[in-house]
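Enquirer: Attaching a predicted model along with its sequence, questions to come.
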Amino acid sequence: MSETTSGESTSIYPFAPLQFERLEPEEALRRSRAFLESMRGRRSIRAFSPEPVPFELIENAIATAATAPSGANQQPWRFVVVRDPELKRRMREIVEQEERESYEHRFPPEWLSALTPLGTDWHKEFIEIVPYVIVAFKEDYGLKPVEQEDQTETPAKPTEKHIKHYYVTESVGIAVGFLIASLQQTGLAVLTHTPSPMGFLRELLGRPRNEKPFVVLPVGYPAPDCRVPVLSKKSLDEVMIVK
Ligand code: IYR
């Protein structure tokens, strides 16, 4: 990823001294523990309140996502913030239609039984209830307009050039992680929702053909009667191997 590059002599960018704040060990521990505690309190929820959310919290979460490292610093992400009630209504309608088909006919039994503990089903009213639905898109490749010298030339030259993107899924995954962490710090709840299939979102939201929906993120405050399954996360011993 781009940020480890040290080849100053071959770079096209000017280099500058790193701005870096070295923390006192106690302060580092304090911040690390506070952040861990906050993230441990995060839950995916499906019962949201319609209460409004300050828009700057959404902007700042997306700006935080946009600080993420990415393959060749190509930043292959776009975040569409849907607040228009009619657009949310149409999104819910199509998502529920597809999800109903998936739950009733497309999901194999193994998948359905993996979902049973979560208690999910095809109803997705949260899409209409939340003040904002952020749809994260990944840019599989870049599209750059090509200068046209002679419009009359036949056959017509392509008007756009494809730019290869690297580590797109990894990059967008990291950015969405930053976004979720930012929302958690501001006391907002978010669900990582992956309706399947979700290709229709590109057209519904008027995005170009090089963008693919990655994840749907309904954001808001929890409904007062919101309940969540009692789940546990793997222990540190299970997930960390020290050699
Ligand atoms: N997309 C469906 C099913 C679903 C799949 C997984 I994997 C989950 O962790 C949760 C749900 C839905 O949103 O209901």
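Expert: Received, thanks. Computed from a predicted structure; not experimentally measured. Residues are numbered from 1 along each chain as shown.

Enquirer: And for the closest residue in space to Pro117 that isn't next to it in sequence, the neighbour number?
Expert: Of all residues not flanking Pro117 in the chain, Pro229 sits nearest, at 6.2 Å (C-beta to C-beta, 6 or more residues apart in numbering). In this view, the C-beta of every residue, glycine as well, is placed from N, C-alpha and C. Per other C-beta atoms under 10 Å, the neighbour tally for Pro229 reads 10.

Enquirer: Repeat that for Tyr132.
Expert: Quick note: Tyr132 (other C-beta under 10 Å) scores 20 neighbours.

Enquirer: How about Val172?
Expert: Counted by other C-beta under 10 Å, the residues lying close to Val172 total 25.

Enquirer: my read: it touches Pro76, true?
Expert: Yes: using C-beta atoms under 8 Å, Val172 is in contact with Pro76, at 6.4 Å.

Enquirer: Name the helix or strand for Ala136, please.
Expert: Counting by DSSP states H and E, the element that carries Ala136 is strand 132-139.

Enquirer: How about that strand and the ligand, any contact?
Expert: No: counting by C-beta under 6 Å from any ligand atom, the ligand has no neighbours in strand 132-139; the shortest distance is 13.3 Å.

Enquirer: Quick one: mean pLDDT over that strand.
Expert: Mean pLDDT, computed over strand 132-139, is 98.

Enquirer: Any idea how far that strand is from the middle of the chain?
Expert: Relative to its chain's centre, strand 132-139 lies at 6 Å (C-alpha atoms, centre = their mean, to the nearest Å).

Enquirer: No further questions, thank you.
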